[in-house]
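> Sequence plus the predicted model coming up.
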Amino acid sequence: MDAKARVSQLRDEVERHAYLYYVLDSPEISDSEYDKLFRELQDLEAEHPELWTPDSPSNRVGGKPVQGFTQHRHAVPMLSLDNAFNHEELRAFDDRAKRLLGVEGPIEYFAELKFDGASISLTYVDGVLQLGATRGDGTTGENVTQNAKTLRGVPLRLRESLPGELEARGEVVMLRSVFEELNRIRASRSEQLFANPRNAAAGGLRQLDSKLTAQRKLNFFAYGVGLVRIGERTLADTQAGILQTLKRLGFAVRDEPRVLHGIDEVIEYVGHAGSIRGSLPFGIDGVVVKVNSLAQQEDLGFTARGPRWAIAFKFPAEQAFTKLNRVFPQVGRTGNVTPVADLEPVSVAGVIVARATLHNYQEVRRKDVREGDVVIVQRAGNVIPEVVGPVLDKRAEGLTPPEEPTHCPECNAELVHVGGEIALRCPNKACPAQIEAKIAHFVSRKAMDIDGFGPKLIRRLLEVGYLTDLPSLYRLKDRRDAMVEMDRLGDQSVAKILENIELSKHRPLDKFLFGLGIRFLGERGAQELAAHFRTLEQIRSVDYDHFLEVNDVGPRTARELQEWFEEEANQQMLDDFRVVGVVPTEAAAPEGDTFAGSTLVFTGKLEKFTREDAEQLVMKLGGKAAGSVSKATTYLVAGPGAGSKLAKAESLGVPVLTEDEFLRMLPEGSL
């Protein structure tokens with residue numbers, strides 16, 4: 001095959017595999033195989049420069065730096081959207097649309113995620129990308145064509161013949177994983193960390209050297225069109241149809257958008273989007289709601305600011321800037337000592353945050369945060385707030401990094417790094433802070449579920465010596481009269497607390513195991529451990545090799561389990577539990593084989609029972625309940641609000657069941 005034919009073949013292959021990977025999310029070859037094809041194309045074009053064309057995939061690595069960006073005036077302005085911040089404002093938008101359209105019934109809407117990135121328009125002439133431009137002020141942007149060609153999810157040539165002119169619009173985003181790696185590299189170079197993926201994406205899009213843009217590994221997701229001049233042809237007659245057409249033409253389009261009937265379904269979708277926000281691979285800051293019919297869009301028209309047929313529902317900001325007052329060490333139930341940031345209180349994602357994690361002291365050094373800094377705080381996905389990093393431009397002179405502690409702040413024991421771990425640990429098992437954290441974990445809902453024990457009560461009972469370890473919870477009945485006399489505790493409150501303690505004596509074995517707070521043993525591992533060995537006495541005598549036989553227990557957890565059960569103090573504690581009457585309920589043997597050899601994952605909202613009950617049912621019928629989707633998953637049971645797990649199951653070809661379909665699989669009498 002001559003060079004010209006091979007170049008043509010390689011371009012087709014590279015573009016097809018890029019489409020499969022970035023648009024359809026179903027790659028057929030590995031990254032290394034793709035890279036091999038790409039390098040062969042680059043080498044051939046270098047040897048035969050006469051074969052190079054502007055739409056070659058090799059342009060994605062970037063071209064020569066430009067001196068500066070030229071201005072580009074949008075043929076169709078990229079207007080702003082009105083914002084809604086609550087359900088009442090969404091309903092008001094719906095009422096206005098109905099009034100202007102003269103309709104009484106539900107309007108069909110199209111709802112999509114509002115990407116937290118940088119908007120861009122891409123103009124194609126006769127199917128070839130000719131121009132990429134930033135949004136700018138909505139009327140005039142900057143010509144960033146060379147940079148646009150490096151974006152993943154942007155076809156350099158449309159996959160279908162389309163004579164004329166088409167302007168596709170969408171958002172440039174940086175995936176969270178790419179952002180974290182980029183900041184890790186910048187930290188190693190003592191460079192200012194990016195505040196968030198949005199800033200990193202917007203900055204990458206405006207690099208004068210497109211090779212630097214390519215290094216940012218930015219993604220593009222299409223959400224609509226601007227100017228369309230394709231003769232008598234039409235792209236679609238609905239907003240949903242527009243996106244389907246764009247996907248067919250080769251643009252990356254997300255699967256989360258939905259056609260919805262009426263404003264009630266829109267409000268439900270907004271709640272769903274908020275629930276999956278933290279699990280998405282990129283940031284979103286809301287939901288965009290559009291009237292689905294293009295004819296109705298035309299009837300509704302525009303105001304001076306934006307379209308009357310669309311509105312953006314905005315989520316509370318996931319990041320905020322505030323002052324770091326101090327960094328102090330906190331001791332956890334396993335003895336890990338972690339740095340905690342004491343902050344000037346600030347609202348993040350709708351919650352007032354006054355403290356945030358810094359993970360470990362190596363992370364403190366990497367991020368170079370100092371007491372007195374202005375820092376970026378985030379609470380993505382409603383998780384524990386964390387400090388992203390300092391704002392170096394606002395750093396005052398003379399601030400010094402916090403020092404790593406050498407002794408436990410609670411018991412003054414010398415701190416250690418065990419086995420080369422990053423984590424700093426207090427080796428004193430009698431450390432008051434560890435005991436307090438262990439008790440709080442033991443009584444928590446997911447463990448022994450002893451209601452009525454808040455942090456203040458636990459601390460007070462420890463201070464007066466009524467609590468000394470986990471079994472001492474069950475001796476509190478001997479302190480009833482003294483507890484009644486304690487501040488803000490009365491006879492009824494104490495009676496209820498003691499009743500809850502008594503009820504917990506026969507919790508399921510897996511709850512008890514999880515409540516012990518053994519390092520690396522999570523809820524699912526405790527379930528598998530209980531199901532495998534059935535009784536606590538059996539587990540107490542097991543060695544490392546037998547622990548490894550348990551599903552979801554790897555070498556690290558098996559080693560920790562062996563060491564924990566070999567420790568004399570822990571065996572004594574288990575004996576003490578027996579003395580005070582704590583006898584965990586033995587794990588029941590499977591009552592059937594309906595799910596024998598099967599692994600099920602549950603996601604979304606279940607209507608008939610809780611997810612925990614569903615997982616217990618699967619195990620009762622001989623199956624395994626897992627927390628994440630993989631190739632080993634037999635079925636995914638998806639309820640309303642299913643998000644990333646559903647998407648992954650579909651990409652892996654894992655069968656997806658509704659809750660009703662799952663129920664129909666159950667043998668009679670199993671519920």
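Thanks, I have the structure now. Residues are numbered from 1 along each chain as shown.

> Remind me what the worst-scoring helix or strand of the chain on mean pLDDT packs against, helices and strands.
Within the chain, no helix or strand scores below helix 31-47, which has a mean of 71 by mean pLDDT, DSSP states H and E. Counting contacts by 3 or more C-beta pairs under 8 Å, 6 or more residues apart in numbering; DSSP states H and E, helix 31-47 packs against helix 3-22. C-beta coordinates here come from the backbone N, C-alpha and C atoms, glycine included.

> how far off helix 31-47 does the helix it packs on point, in degrees?
On the basis of axes from the mean of the first three to the mean of the last three C-alpha atoms, to 10 degrees, helix 3-22 is oriented at 150 degrees to helix 31-47.

> distance between helix 3-22 and the chain's centre?
33 Å (C-alpha atoms, centre = their mean, to the nearest Å).

> Dump that helix to PDB, keeping only the CA atoms.
What follows is helix 3-22 as a C-alpha-only set of coordinates in PDB (Å, rounded to 0.1, in the frame of the first residue of the first chain):
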ATOM      1  CA  ALA A   3       1.800   6.200   1.500                       C
ATOM      2  CA  LYS A   4      -1.300   8.200   0.300                       C
ATOM      3  CA  ALA A   5      -3.600   5.200   0.700                       C
ATOM      4  CA  ARG A   6      -2.100   4.300   4.100                       C
ATOM      5  CA  VAL A   7      -2.500   7.800   5.400                       C
ATOM      6  CA  SER A   8      -6.100   7.900   4.200                       C
ATOM      7  CA  GLN A   9      -6.700   4.500   5.900                       C
ATOM      8  CA  LEU A  10      -5.000   5.600   9.100                       C
ATOM      9  CA  ARG A  11      -7.100   8.800   9.300                       C
ATOM     10  CA  ASP A  12     -10.300   6.800   9.000                       C
ATOM     11  CA  GLU A  13      -9.200   4.300  11.700                       C
ATOM     12  CA  VAL A  14      -8.000   7.000  14.100                       C
ATOM     13  CA  GLU A  15     -11.100   9.100  13.800                       C
ATOM     14  CA  ARG A  16     -13.400   6.000  14.100                       C
ATOM     15  CA  HIS A  17     -11.600   4.800  17.300                       C
ATOM     16  CA  ALA A  18     -11.700   8.400  18.700                       C
ATOM     17  CA  TYR A  19     -15.500   8.400  18.000                       C
ATOM     18  CA  LEU A  20     -16.000   5.100  19.700                       C
ATOM     19  CA  TYR A  21     -14.000   6.200  22.700                       C
ATOM     20  CA  TYR A  22     -15.100   9.800  23.300                       C
END
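
> Low-confidence ranges, the stretch 501-650 of the chain, go.
For the stretch 501-650 of the chain, the stretches flagged by pLDDT under 70 are 641.

> what about the helices in it?
509-515, 523-533, 536-540, 544-548, 555-566, 568-579, 611-620, 644-652 (DSSP state H, counting those that start in this stretch).

> Please put the alpha-carbon coordinates of the first one into PDB.
Right, helix 509-515. The C-alpha atoms that make up helix 509-515 are tabulated as PDB, following Å, rounded to 0.1, in the frame of the first residue of the first chain:
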ATOM      1  CA  LEU A 509     -22.900 -10.400  63.300                       C
ATOM      2  CA  ASP A 510     -21.900  -8.200  60.300                       C
ATOM      3  CA  LYS A 511     -23.100  -5.100  62.200                       C
ATOM      4  CA  PHE A 512     -21.100  -6.100  65.200                       C
ATOM      5  CA  LEU A 513     -18.000  -6.800  63.200                       C
ATOM      6  CA  PHE A 514     -18.200  -3.400  61.400                       C
ATOM      7  CA  GLY A 515     -18.800  -1.700  64.700                       C
END
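
> From the contact counts, what lies against that helix?
Using 3+ C-beta pairs under 8 Å, 6+ apart: helix 509-515 touches helix 523-533, helix 536-540.

> I'd like the ones you listed as JSON lines, with mean neighbour count and distance to Val340 appended.
Below are those laid out as JSON lines (neighbours: other C-beta atoms under 10 Å; distance: least, C-beta to C-beta, whole Å):
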{"stretch": "helix 523-533", "mean neighbour count": "22", "distance to Val340": "25"}
{"stretch": "helix 536-540", "mean neighbour count": "15", "distance to Val340": "34"}
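
> I'd like the ones you listed laid out as CSV, including distance to Phe565.
CSV is the format used below for those (distance: least, C-beta to C-beta, whole Å):
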stretch, distance to Phe565
helix 523-533, 11
helix 536-540, 6
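
> Out of these, which gets nearest to Leu617?
Comparison of the helices and strands packed on helix 509-515 against Leu617 by C-beta to C-beta identifies helix 523-533 as nearest, at 12.4 Å.

> elements contacting the closest one?
helix 509-515, helix 611-620, strand 624-626.

> Between the ones you listed, which one is closest to Gly301.
Nearest to Gly301, of all these, is helix 611-620, at 46.3 Å by C-beta to C-beta.

> could you pull out the helices for the stretch 101-250 of the chain?
Counting by DSSP H, counting those that start in this stretch, the stretch 101-250 of the chain has helices at residues 145-148, 176-188, 197-205, 210-215, 239-249.

> Deepest in the core, which of those is it.
Among the helices of the stretch 101-250 of the chain, ranked by average contacts under mean count of other C-beta atoms under 10 Å, first place goes to helix 145-148 (a mean of 25).

> Which elements pack onto that helix?
Checking 3+ C-beta pairs under 8 Å, 6+ apart, helix 145-148 ends up next to strand 128-134, helix 197-205, helix 210-215.

> what angle do the longest one and helix 176-188 make?
Here the directions of helix 197-205 and helix 176-188 differ by 80 degrees (the same axes, to 10 degrees).

> what's the answer for the first one, then?
The directions of strand 128-134 and helix 176-188 differ by 60 degrees, with the same axes, to 10 degrees as the criterion.

> Mind listing what's buried along strand 128-134?
Leu129, Gly132, Ala133, Thr134 (16 or more other C-beta atoms under 10 Å).

> Test my guess that the last one contacts Arg206.
Yes: taking contacts as C-beta atoms under 8 Å, Thr134 lies within contact range of Arg206: 7.1 Å.

> Determine the residues that are contacts of both of these two.
Common contact partners of Thr134 and Arg206 (C-beta atoms under 8 Å, 6 or more residues apart in numbering): Glu142, Val144.

> Point to the residue nearest the middle of the protein.
The C-alpha lying nearest the average C-alpha coordinate of the chain belongs to Ser279 (C-alpha atoms, centre = their mean; 2.5 Å).

> how close does that residue get to Lys290?
Counting by C-beta to C-beta, to the nearest Å, the gap from Ser279 to Lys290 is 24 Å.

> Repeat that for Glu659.
Distance, Glu659 to Lys290, by C-beta to C-beta: 30 Å.

> Kindly report the same for His407.
His407 is 60 Å from Lys290, where distance means C-beta to C-beta.

> Buried residues of stretch 458-478, list them for me.
For stretch 458-478, the buried set under the neighbour-count rule, 16+ other C-beta under 10 Å, comprises 458, 460-462, 466-467, 469-476.

> What of stretch 41-55?
Using 16+ other C-beta under 10 Å as the burial criterion, the residues of stretch 41-55 that qualify are Leu41, Leu44, Glu45, Leu51, Asp55.

> immediately after the helix or strand containing Thr338, which helix or strand?
Using DSSP states H and E, Thr338 maps to strand 336-348. The helix or strand immediately downstream of strand 336-348 is strand 351-357, counting by DSSP H and E.

> Just list the residues touching Arg233, thanks.
The neighbours of Arg233, taking C-beta under 8 Å, 6+ apart as the test, are Gly164.

> right, I mislabeled it, should have said Ser444
Ser444 neighbours (C-beta under 8 Å, 6+ apart): Gly515.

> can I assume it sits in a strand?
No: read with DSSP: H, G, I helix; E, B strand; the rest coil, Ser444 is coil and lies in no strand.
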